[in-house]
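*Asks:* task: produce atomic coordinates for the following.
(chains A, B, C and D)
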Number of protein chains: 2
Amino acid sequence: MEQSPRYDVFQAVADPTRRKLLEMLAGKQLSISTLSKDFSVSRTAITKHLRILESAGLVQSQKVGRERLYRLDAKPLQTVHHWLAFYEHFWEDKLSNLKKVVEKEL
Amino acid sequence: MEQSPRYDVFQAVADPTRRKLLEMLAGKQLSISTLSKDFSVSRTAITKHLRILESAGLVQSQKVGRERLYRLDAKPLQTVHHWLAFYEHFWEDKLSNLKKVVEKEL
DNA sequence: TTGACGTGAAACCATTTGGTTGTATAATAA
DNA sequence: TTATTATACAACCAAATGGTTTCACGTCAA
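*Replies:* Next up, the predicted model:
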């Protein structure tokens, strides 16, 4: 859980807690404490998850007074989107195959 | 690396080796040995990765003679696709915001 | 100025992860 | 029949991961 290595977006997004954090940050800026309230794990654990998300570029933060506010940056998710695009026709093929079968039945 | 627990598709896809395996299996069925040739890690390691992919439903296998052939099943990737759809307008917003800025400049 | 609040940082810890080597066994080619 | 090939399985290992507790420190409200 060390923060020095740049986290891969795929890896960052692999954890359910981190996905939930991204969801909470969709639209609004929230502080660590506020975010933590929705989880059963400690504030420290949430801080670590946020650092991982930040090192993957999925969130950005700024210190305001005594709090640190985090906000979503969805751009790195485009990488996942592009990666997925390649596989899209593989699951669509299944559908078109099914379509053919159904058409043959009629 | 135990295989009993069902692997999450997000987790399955988080590893670069496993993503490469999926790519190799796009379109064609390949045996473990054949797949292994393209990696620097051992065949055993590849077998374990394939088991993880299988438990996530991303590949299916069948034993043919003395080999085990694996093939891609992209369906579980739809889960990732749906998940991503929610964030799509967050990176699109950036573009439309940029567009607004550019328009104002003109 | 004094607590309470929000965070940062360090030290630890158990489990999971990704990898290895070695042995056993069924299928195939000579 | 005898190697050789392709796996399977078990045991083991170091490092990464997700988590904790404790303590220190700046900020803000009374």
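*Asks:* tally of neighbours for A:Phe10?
*Replies:* 21 (other Cβ atoms under 10 Å in any protein chain shown). Yep, even glycine has a C-beta here, placed from its N, CA and C like the rest.
*Asks:* list the buried ones in the helix or strand where it lies?
*Replies:* Using DSSP states H and E, A:Phe10 falls within helix A:9-12. Buried positions in helix A:9-12, judged by neighbour count with 16 or more other Cβ atoms under 10 Å in any protein chain shown: A:Val9, A:Phe10, A:Gln11, A:Ala12.
*Asks:* touching that helix from outside, list them.
*Replies:* Contacts with helix A:9-12, where a contact means Cβ atoms under 8 Å, 6 or more residues apart in numbering or on different chains, come from A:18, A:52-53, A:55-58, A:76-77, A:79-80, A:83, B:13-14, B:19.
*Asks:* most neighbours among these, please name it.
*Replies:* A:Leu53 leads the contacts of helix A:9-12 on contacts (other Cβ under 10 Å) with 27 neighbours.
*Asks:* hang on, the earlier thing: DNA strand C: which of the contacts of helix A:9-12 is nearest?
*Replies:* Taking Cβ to the nearest atom of the strand as the measure, DNA strand C sits nearest to B:Ala14 out of those, at 6.3 Å.
*Asks:* distance of that closest one from B:Lys37?
*Replies:* Distance, B:Ala14 to B:Lys37, by Cβ to Cβ, to the nearest Å: 24 Å.
*Asks:* for A:Thr34, same thing?
*Replies:* Going from A:Thr34 to B:Lys37 by Cβ to Cβ gives 51 Å.
*Asks:* what's the local residue count around A:Glu54?
*Replies:* Neighbour tally, A:Glu54, other Cβ under 10 Å: 17.
*Asks:* revised request: answer the last question for A:Asp8.
*Replies:* Neighbour count for A:Asp8, taken as other Cβ under 10 Å: 16.
*Asks:* just checking, A:Gln78 touches B:Trp91?
*Replies:* Yes - at 5.7 Å, A:Gln78 counts as touching B:Trp91 under the criterion of Cβ atoms under 8 Å.
*Asks:* which parts of chain A sit against chain B?
*Replies:* Residues of chain A lying close to chain B by Cβ under 8 Å from any Cβ of the partner chain are A:8, A:10-11, A:13-14, A:16, A:19, A:22-23, A:26, A:72, A:74-75, A:77-78, A:80-81, A:83-84, A:86-88, A:90-91, A:94.
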